[in-house]
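> Turn this into a structure:
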Amino acid sequence: MKIWLRVNSLKPRSSWVVVWEELCKALKEDGHEVFDDITAEPKNVENFIELWWGDPAFWEWSDFNISKVGYALSEARSIQVHGRWKALSNLQKCDLLCCPSFHASIAYLEAPLDIPIEIVPFGVDIQHFKYIERSLSSPFKFLHLGVAQFRKGSWLVPEAFIKTFTKKDQVKLTISSFLPSKEVKSLEQEYGNHPNIIFNIKEELDSFDLYKDHHVLVSPHLSEGWGMCITEAMSTGMPCLVSRCSTPREYFSSKFGWWIEMSEDYVPVADCLTGTSGFWRLPDIESLCFNMRYIFDHQDDGLLKGANASRYITENYTWKMSAEKLVNIIHKHLNVKTIETIWK
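I've put the predicted structure just below:
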C-alpha cells in the first residue's frame, strides 16, 4: 500500500510526533511505501492514500482526488472550540476516520459526521521499552511522567505523596515533565524543597531511562485520549497506578497495577481545554494515598503485576500490530477500484 503520511509539524518533539514516527517506521517495516516528507507531495500521487494524523483543526488536505483517511483523538466529549469549524470541515472530507480508543472517538461519533469511524490502538516500541528485571531496592521510587498539567492530575501526586509518607520514609517521588509547563513550575515552587520530591524538566528526554530507575508510574489523569506513558511503562515491566476512567479502561486492569478510584467531584473541561464544554470527574485523592501506601508496603505484588503488564503489551500493543490493523481497516472501507490502484 502507498500512504502519504502527513502531520502538521515535527517540532517540538512530543507524543504527537512520536506517534507519526512510529507509524511511519511500522508501515515501512511491513512492506508498505510511505511518503513522509511533510513539505512536499509524492510523485504519482494518484496512487497514494492521503493520511493525516493529529489535531483535525490543523489538517491541510491536498486538492488531489485521492482517498483521504484521518487519524485523530479527543481528550473530551466535545471538539475543542478553538478551531472547531476548521476541524469539522477537515473531518467531513475524510473517507475514513481512525481513533486510538473508543473514548478518544466519542467527540467524533457525536459530531455531525457521516463517515465510518474505526479504532486503531497506538502501539509501543517494545525493542526500546524492553522488559527490565526490577529488584526491591531502597529507596522505593514513584514516577509521574508527561507534560505536567491539569488534565493529567499532576497537582494530586505531590499532595498525596506528602499526605502518605513522612520525610523519614525510604521513598521518593519524581515529577518529570517534557515541557516547562505553567503547572510544573507552580508545583516545583510549592514542593521543590521537599527532600524526597525530585523535579525533572527536560524536553529531549528518553523515557526509558526514567522507567528503569523507578518502581511505579502514577497517572491520576482526569481524561486520556490514550496515555502513552502508561503503555510504555507497562512494556518495561513497571506496574502503574491509574485513574479508573477514559482510555486506560480499554487496556489496563488490576492485573497490571492499581486503580485510583474516582471521586464525586467534577470540574469544567474548559479549565484545561479553553472554551470546551463538559466536565471531568476528579480522581479521589484518598484512593491515591491508600494505594501509594499499599504499594510501598507490598512491593512483591508490584513485581508480579509489572511482569504481567509487560507480557500483555508485547502480545497486544506493538506498533506492528497498529500498522497491520490500520491497513486492514483501510482495505475494509475503501472501494475495490481504489485498492487495486494502490497495489499496482
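
> Off-centre distance for stretch 303-317?
17 Å (CA atoms, centre = their mean, to the nearest Å).

> got the buried residues for stretch 243-261?
Across stretch 243-261, burial judged by 16 or more other CB atoms under 10 Å covers 243-252, 256-260. Backbone N, C-alpha and C define where each C-beta goes, glycine included.

> domain ranges for the protein?
2-123+318-338, 140-316 (automatic domain parsing).

> Out of those domains, flag the one nearest residue 131.
domain 140-316 (4.6 Å; CB to CB).

> First-to-last residue distance for that closest one?
29 Å (CA to CA, to the nearest Å).

> Look up how far residue 287 lies from the closest residue to residue 133 other than its chain neighbours.
Spatial nearest neighbour of residue 133, excluding adjacent residues (CB to CB, 6 or more residues apart in numbering): residue 237 at 7.5 Å. Distance of residue 237 to residue 287, given as CB to CB, to the nearest Å: 24 Å.

> So between the two, which is more surrounded?
A count of neighbours by other CB atoms under 10 Å puts residue 237 above the other of residue 237 and residue 287, at 24 against 20.

> what is the mean pLDDT for stretch 307-324?
Average pLDDT, stretch 307-324: 98.

> Off-centre distance for stretch 14-23?
10 Å.

> Kindly report the same for stretch 180-197.
On CA atoms, centre = their mean, the centre of stretch 180-197 falls 23 Å from that of its chain.

> Give me the buried stretch members for that stretch, please.
181, 183, 184, 187, 188, 191, 196, 197.

> I'd like to know which of those residues is nearest to residue 280.
Distances from residue 280 to the buried residues of stretch 180-197, taken by CB to CB, are shortest for residue 183, at 15.2 Å.

> per-residue confidence at the closest one?
In this prediction, residue 183 has a pLDDT value of 93.

> In contact with it, which residues are there?
Applying CB atoms under 8 Å, 6 or more residues apart in numbering to residue 183 gives the contacts 148, 149, 150, 154, 155, 177.

> Then residue 145?
Contacts of residue 145 by CB under 8 Å, 6+ apart are 176, 207, 210, 217, 229, 233.

> mind giving me CSV with those residues and columns for pLDDT?
Shown next, in CSV, are these (pLDDT from 0 to 100):
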residue, pLDDT
176, 94
207, 93
210, 95
217, 98
229, 97
233, 98
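
> Among those residues, which are located in helices?
207, 210, 229, 233 (DSSP state H).

> Any chance of those in a markdown table with neighbour count and distance to residue 300 as columns?
Formatted as a markdown table, the ones in helices among the contacts of residue 145 follow (neighbours: other CB atoms under 10 Å; distance: CB to CB, whole Å):
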| residue | neighbour count | distance to residue 300 |
| --- | --- | --- |
| 207 | 22 | 25 |
| 210 | 22 | 23 |
| 229 | 25 | 24 |
| 233 | 32 | 19 |
